[in-house]
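Trainee: The following block contains a protein sequence and its predicted model.
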Amino acid sequence: MLLGDARLPTGAHTQSAGLEPALRAGMTVDDIPSYLTARLRSVVPVEAGAAVLARREVLDATAPDDLTARLTAVDEAWRARTVSPALRDNAQVLGRGYLRLLRGLWPDDLGVRALTHVGKPSRGVVLGVAGAAAGLSAAQVARLVGYDDAQTVAAAALKLEPMDPTRAARWVFEAAPDIENLSSLAGLATVDDLPATTAPLVEEWAERHAVAGQRLFRA
């Protein structure tokens, strides 16, 4: 519940999960549920898979140095499957915010200590380490990533297109089956198993938004 709370001091309030550039490009409010579903079936499984793998590496590790190398490999695998430089950069920014939180909550945790030497870990990898420290199962970690993405879209929609809050809440509720489907990633064992699904429009919008002026959200 803590990790899924948007009020955490991680910088997540600056995010719209790509919704702002999508609306700028002509997407309508009525399209938001479909947009949310598209994300949960494309870019989100890649990040959720990275989180699951990072969690597994922490739980299987015995030495910090070896774990740092393994977490770096997971992070590199995620980057290889994330074409957009803007999306990679944004994930690094979010990862930094979450890592700061983890260092405050679990400063002596093996995974957290190893993660500080990864460089600029992406959000998914950091969330996986957080899941290991918090005692979450692999399925819970995958669902967490999906739920966070859906809630980010819904919360941003209320700021970008003011509406009845219950409408946005319903979008998240109706996305529950797709969020639950992410639990199927719990069995991932190696970086070769990481999904490689993409969303070209999401990537294009992210690149445009990175250089746009007068934007409400960072991404």
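Mentor: All right, it came through fine.
Trainee: Which stretches in the protein count as helices?
Mentor: 19-24, 32-40, 43-60, 64-80, 85-105, 110-115, 123-134, 138-160, 165-174, 176-181, 200-210 (DSSP state H).
Trainee: Which one of the ones you listed lies nearest to Val191?
Mentor: helix 64-80 (3.9 Å; CB to CB). In short, each C-beta sits where N, CA and C put it, glycine included.
Trainee: Which neighbouring elements make contact with that closest one?
Mentor: The elements that helix 64-80 packs onto, with contact taken as 3 or more CB pairs under 8 Å, 6 or more residues apart in numbering; DSSP states H and E, are helix 43-60, helix 110-115, helix 123-134.
Trainee: Distance to Asp192, mean neighbour count and mean pLDDT for the helices of the chain - can I get that in CSV?
Mentor: Putting these into CSV (distance: least, CB to CB, whole Å; neighbours: other CB atoms under 10 Å; pLDDT from 0 to 100) gives the following:
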stretch, distance to Asp192, mean neighbour count, mean pLDDT
helix 19-24, 32, 22, 89
helix 32-40, 23, 20, 95
helix 43-60, 10, 26, 97
helix 64-80, 8, 19, 95
helix 85-105, 20, 19, 91
helix 110-115, 21, 22, 95
helix 123-134, 16, 27, 96
helix 138-160, 17, 22, 93
helix 165-174, 32, 14, 96
helix 176-181, 21, 15, 98
helix 200-210, 23, 18, 86
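Trainee: so can I have a markdown table of the ones you listed showing distance to Phe217?
Mentor: Supplementary listing: the helices of the chain in a markdown table, determined by distance: least, CB to CB, whole Å:
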| stretch | distance to Phe217 |
| --- | --- |
| helix 19-24 | 5 |
| helix 32-40 | 15 |
| helix 43-60 | 16 |
| helix 64-80 | 22 |
| helix 85-105 | 10 |
| helix 110-115 | 26 |
| helix 123-134 | 15 |
| helix 138-160 | 6 |
| helix 165-174 | 15 |
| helix 176-181 | 22 |
| helix 200-210 | 8 |
